[in-house]
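> Mind folding the following:
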Amino acid sequence: MSKDTHTPDPRADEAPLMSHEYDGIREYDNPLPGWWSGIFVLTVIFAGVYWYWYHAGGPGKSIHEKHAAKMQTYLAEKAEYERTHKFEVNDAVLADLAADVATLDAGGKLFMQHCVGCHLADGSGQTGPNLTDEYQIHGSSRLDLYTTIRDGVPAKGMISWGATMKERDMAALAVYVAAMRGKNLPGKVAEGGKVGAF
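Numbering: from 1, shown residues only. Model (predicted):
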């Protein structure tokens, strides 16, 4: 006959056993610690206050309202900056931009968006002149190209981009067009005076 080796659980006097049993296992009815219950109650109260403060007419601003206010401030500051720091375009600025790869890439994208209908994707010309030869109809410099882009040539059907395009974008487009010069791709016959490559 074996001896009963069952050791009484020291917690038996602390908490009663629950009535359910699973696989011979019973559970003590231990309440949650007071500090845990207190934190839970505080989070519920906080959630209610937060909901009222930001979503149910309280004085707090939602993230959408904060974002809208910041965007309004940003746009006002941007407009003021552009007004007081106008981008000045001259031959020296265009020469510097011509050496900037990012500017040439931006100009290439603008060319593909706005110019291929008249000049074709490679610049060899269709309705507009061939931009890859060493001839230029209006002027001879990058600044003249910029002026042509900005003001257009209404008599020949080229629209003015000055009203719809920013100075920096027109400058990027001008240096991109200037970079095409000298490739001499077959296309529309040369027009204007010979000015050579940049």
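> Show residues contacting the top strand by length along the chain.
Using DSSP state E to define each element, the chain has its longest strand at strand 17-22. Contacts with strand 17-22, where a contact means CB atoms under 8 Å, 6 or more residues apart in numbering, come from 26, 27, 28, 29. Where you see a C-beta, it was placed from the backbone N, CA and C, and this is true even at glycine.
> May I ask which two of those are separated the most?
Across the contacts of strand 17-22, no pair lies farther apart than 26 and 29, at 10.1 Å, counting by CB to CB.
> on that earlier part again, from the chain's centre, how far out does the longest strand of the chain sit?
When C-alpha coordinates are averaged (CA atoms, centre = their mean, to the nearest Å), strand 17-22 and its chain have centres 60 Å apart.
> Return the list of strands paired to it, each annotated with direction.
strand 25-28 (antiparallel) (DSSP bridges).
> Give me the buried stretch members for the partner strand, please.
Neighbour counts over strand 25-28 (16 or more other CB atoms under 10 Å) mark no residue as buried.
> which residues of this protein fall in strands?
Under DSSP E, the chain gives strands at 17-22, 25-28, 135-136, 193-194.
> Look at residue 171 and say how many residues are nearby.
A count of nearby residues for residue 171, using other CB atoms under 10 Å, gives 28.
> That concludes my questions; thank you for your assistance.
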